[in-house]
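S.K.: Sequence unavailable; structure follows:
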């Protein structure tokens, strides 16, 4: 009999406890049904980059600029050939919203010139990393790969920063200026001198968010030396690379570093302005 009396008492106690829990949920709007892990998980999402499209690469370089970089264009007698040369050739790409490029090649009586313009739009797939920060990381890798030399000591203002400078007086062997429309090649003696600091590969401070210029001369002695000038810069989440090459038609002739760098940097400035606009 005692056992029979005890069981109903336990049942009554449990019923009271259950009623109390149910009432608290209904009346107080308890968050018992919420996910405890929800709190603190709404981390800020990194901002997207400024650019979500890219320009049409073969249309961003004006004809006047191509005339300067590729003197052989104006030597083409056939109008259809000139139009084809001006049009350039688009580089292969699988996503024109992410990467586009265009290349030009023109031969003249003095030299063969190549120009490549490449645009890459960087997108971060990490919500914690912005497109700009991802582009900054990738551009740092390009700088490392370029293996730029340490800034050389120079008395010329702006030599280490890459800002426009007044070039030193040329030696007697390089005082002859090229005729209008001719290539930028100079006499062979120019190859025996070390370029001044303002012409050496270096970081640039007056172009985009960050930039550099590289300048390489082929070491082959059996053919005409080819010079390759590369200017690369980043603005927000877009990286732009310009590669300008010249190989003279005459063995022993050396393309002029200062002139080629000047032309490539002017083009880079134009492209940076077009992106900013």
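M.R.: All right, it came through fine. Bear in mind the structure is a predicted one, so any value in this text is a computation, not a measurement.
S.K.: going forward, measure contacts between C-alpha atoms and count neighbours the same way
M.R.: OK.
S.K.: So in terms of bridging, what pairs with the residue nearest to residue 242 when sequence neighbours are not counted?
M.R.: Excluding its sequence neighbours, the residue lying closest to residue 242 (C-alpha to C-alpha, 6 or more residues apart in numbering) is residue 117, at 4.7 Å. Going by DSSP bridges, residue 117 is paired in beta bridges with residue 102, residue 242.
S.K.: who's in contact with the host helix or strand of residue 141?
M.R.: Element membership for residue 141 (DSSP states H and E) is helix 131-146. Applying C-alpha atoms under 8 Å, 6 or more residues apart in numbering, the contact partners of helix 131-146 are 46-49, 122-124, 212, 214, 234, 236-239.
S.K.: What is the nearest of those to residue 252?
M.R.: residue 214 (22.0 Å; C-alpha to C-alpha).
S.K.: For the closest residue to the closest one other than its chain neighbours, list the residues it contacts.
M.R.: Excluding the flanking residues, the one nearest residue 214 by C-alpha to C-alpha, 6+ apart is residue 201, at 4.3 Å. Neighbour list for residue 201: 148, 149, 212, 213, 214, 215 [criterion: C-alpha under 8 Å, 6+ apart].
S.K.: Please identify the buried residues of stretch 109-121?
M.R.: 110, 111, 112, 113, 114, 115, 116, 117, 118, 119, 120, 121 (16 or more other C-alpha atoms under 10 Å).
S.K.: for the chain, which spans come out with low pLDDT?
M.R.: Applying pLDDT under 70 to the chain picks out residues 1-43, 151-195, 220-222.
S.K.: can you give me the helices in it?
M.R.: 2-28, 63-69, 79-87, 131-146, 257-276 (DSSP state H).
S.K.: helices or strands up against the third one?
M.R.: Translated: helix 79-87. strand 99-107 (3 or more C-alpha pairs under 8 Å, 6 or more residues apart in numbering; DSSP states H and E).
S.K.: Please find the angle between the direction vectors of the strand it packs on and helix 79-87.
M.R.: 140 degrees (axes from the mean of the first three to the mean of the last three C-alpha atoms, to 10 degrees).
S.K.: Now strand 99-107: buried residues?
M.R.: By neighbour count, with 16+ other C-alpha under 10 Å as the criterion, the buried positions of strand 99-107 are 99, 100, 101, 102, 103, 104, 105, 106, 107.
S.K.: Quick check: of those, which lies closest to residue 129?
M.R.: Set against residue 129, the nearest of the buried residues of strand 99-107 by C-alpha to C-alpha is residue 99 (20.3 Å).
S.K.: Spatially nearest residue to that closest one (excluding sequence neighbours)?
M.R.: Per C-alpha to C-alpha, 6+ apart, closest to residue 99 is residue 120, 4.5 Å.
S.K.: how much space is there between the one you found and residue 48?
M.R.: From residue 120 across to residue 48, the span is 15 Å (C-alpha to C-alpha, to the nearest Å).
S.K.: ok, now which ones touch the residue nearest to residue 118 when sequence neighbours are not counted?
M.R.: Once flanking residues are discounted, residue 118 sits nearest to residue 101: 4.2 Å by C-alpha to C-alpha, 6+ apart. By C-alpha under 8 Å, 6+ apart, the residues touching residue 101 are 57, 58, 90, 91, 92, 116, 117, 118, 119.
S.K.: pretty sure the second one contacts residue 88?
M.R.: So that's residue 58. Yes: between residue 58 and residue 88 there is a contact at 6.0 Å, judged by C-alpha atoms under 8 Å.
S.K.: Need the overlap of contacts for the two.
M.R.: Common neighbours of residue 58 and residue 88 (C-alpha under 8 Å, 6+ apart) are 102, 103.
S.K.: Touching, residue 99 and residue 121? I think so.
M.R.: Yes: Residue 99 lies in contact with residue 121 (C-alpha under 8 Å); the separation is 6.2 Å.
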